[in-house]
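In: generate a structure from the sequence data that follows.
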Amino acid sequence: MPTNRVLIFSQVPQGVPIPGQDLKVVEKEGPHPTSTRPPPGGFIAQSVYVSFDPSMRMRMTTPDKAGVFPPYPIGTALTSACIVKVLVVDSSISTFKPGDLLLGNGPVQEYHTVTASAVPQFTPLPPNPFGLEPSVFLGALGSTGLVAYAGLYHFVKPKRGETILISAASGAIGHLLGQLAKREGMTVLGIVGSDEKVDILTRKLNFDGAVNYKKGDLHKSLKELAPNGVDVYFDNVGGQVLEVAIDILNQNGRIISCGAASQYNLPIEKQYGIRNTFLIISKTLTWTGLASRPGAWMLAYEEERQKNMQKWIHDGTMKPLNSFTYGFENSADGVVDLLKGSNVGKAILNLTDAVNEP
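Out: Predicted coordinates for the structure are as follows:
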């Protein structure tokens, strides 16, 4: 009997999820990769790449504690953006064929039996004139890249000579935003969690400077790194790092809050309360929230983003980074590594070695 491995949300984690306990890979009955008939108006596909995102942690909760994102029901598959390879297609579908790669959203599992009602959730990859690796459409050319691109031009409004500070600067959004800001003539500084990541930002991605927040006094380190303060703080972590950033922001500075990764694994009673919000008044700061789910305003940048970033990736002036987890059996570990901050760039489950030919 054909099997289909699925990543299941088995129980609400206490802190960082534990693979095999809170998240489990289980085998279920699945479609035969080539001989199972697709549902009417649907298709059968195999996962090639699956996106791992911090928002997954926000969904690992109970309905009474749910926030922006709906919680995963206990015992069901995690869901995420993915790139799948079409194996079998119902004859009524003419927009794609076996062998095509589609971008969509679905359960984190090896095979997908997609019914007619779910077909609109999958679309062909955008035009790829430079033949870039398909995985880039989950990162720099996917939703995270759009958040970085639109976030910079819509909210940061970069000005040559200004200084921008980015937390989680080696993450999926941060490392792209920093490179984009550098193109616009900004001085780009990053906050990361290891010396290795500091080296990646400064030596590989051309950041002007970076600090490891786990070493020494962060406030002192940032004052030394930016003696004249910073004009923009792009926040991906919240918590105490946000508090320090508020303190070193210049008059009329700007905060763009895109995430609070340092708080996602903590119960609300243990989350860090910012103590210096009074500085928003005295410094006349502006503080803007940036949701990671693309809205209409963000999608208005999509055509421009695809055109520009594809060209920059092709010519080497934009360097998207990925942290791949290989093999479905390691999918739970890949999610947990992301939530621990182990990734550099976009975290992706890579299943290319197991892909069947249609």
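
In: what count of nearby residues applies to Arg37?
Out: Arg37: 11 surrounding residues under other Cβ atoms under 10 Å. To be clear about C-beta, it is placed using only N, CA and C from the backbone, and glycine gets the same treatment.

In: thought it was touching Val88?
Out: Yes - counting by Cβ atoms under 8 Å, Val88 is a contact partner of Arg37 at 7.2 Å.

In: quick one: the nearest residue to Phe137 once chain neighbours are set aside and Val114, what's the gap?
Out: Nearest residue to Phe137, sequence neighbours excluded (Cβ to Cβ, 6 or more residues apart in numbering): Leu125, at 5.4 Å. In this view, Leu125 and Val114 are 16 Å apart by Cβ to Cβ, to the nearest Å.

In: need the helices for the chain, in chain order.
Out: Using DSSP state H, the helices of the chain run over 55-58, 143-150, 174-183, 195-199, 218-225, 239-248, 279-282, 296-299, 302-315, 331-339.

In: pull the residues that contact the fourth one.
Out: In this case it means helix 195-199. 169-170, 190, 192, 210-212, 215, 344 (Cβ atoms under 8 Å, 6 or more residues apart in numbering).

In: at 6 Å instead, please
Out: 170, 192, 210, 212 (Cβ atoms under 6 Å, 6 or more residues apart in numbering).

In: out of the residues you listed, the closest to Val48 would be?
Out: Set against Val48, the nearest of the contacts of helix 195-199 by Cβ to Cβ is Ser170 (24.9 Å).

In: surely the closest one is in contact with Val192?
Out: Yes - taking Cβ atoms under 6 Å as the definition, Ser170 is a contact partner of Val192 at 4.9 Å.

In: what's the overlap in contacts for the two?
Out: Counting by Cβ under 6 Å, 6+ apart, no residue touches both Ser170 and Val192.

In: what comes into contact with stretch 241-256?
Out: Contacts of stretch 241-256 with the rest of the structure, by Cβ under 6 Å, 6+ apart, involve 155, 167, 218-219, 222, 229-235, 274, 276, 279, 283-288, 290.

In: again with stretch 3-21
Out: With contact meaning Cβ under 6 Å, 6+ apart, stretch 3-21 is reached by 22-28, 30, 60-61, 72, 77-78, 108-111, 265, 328, 331-333, 336, 339.

In: just the buried residues from these, in PyMOL please.
Out: Here is the PyMOL selection string for the buried members of the contacts of stretch 3-21, based on 16 or more other Cβ atoms under 10 Å:
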select buried, resi 22+23+24+25+30+60+61+72+77+78+108+109+110+111+265+328+331+332+333+336+339
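
In: tell me which residues of stretch 189-197 are tucked away?
Out: Buried residues in stretch 189-197 (16+ other Cβ under 10 Å): 189-194, 197.

In: in CSV, list the C-alpha atoms belonging to the helix or strand of the chain with the lowest mean pLDDT.
Out: Here the helix or strand of the chain ranked lowest by mean pLDDT, DSSP states H and E is helix 296-299, holding a mean of 86. Listed next in CSV are the C-alpha coordinates belonging to helix 296-299 (Å, rounded to 0.1, in the frame of the first residue of the first chain):
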residue,chain,number,x,y,z
ALA,A,296,-3.3,44.4,-1.7
TRP,A,297,-0.8,47.3,-1.1
MET,A,298,2.0,44.8,-0.9
LEU,A,299,1.0,42.9,-4.0
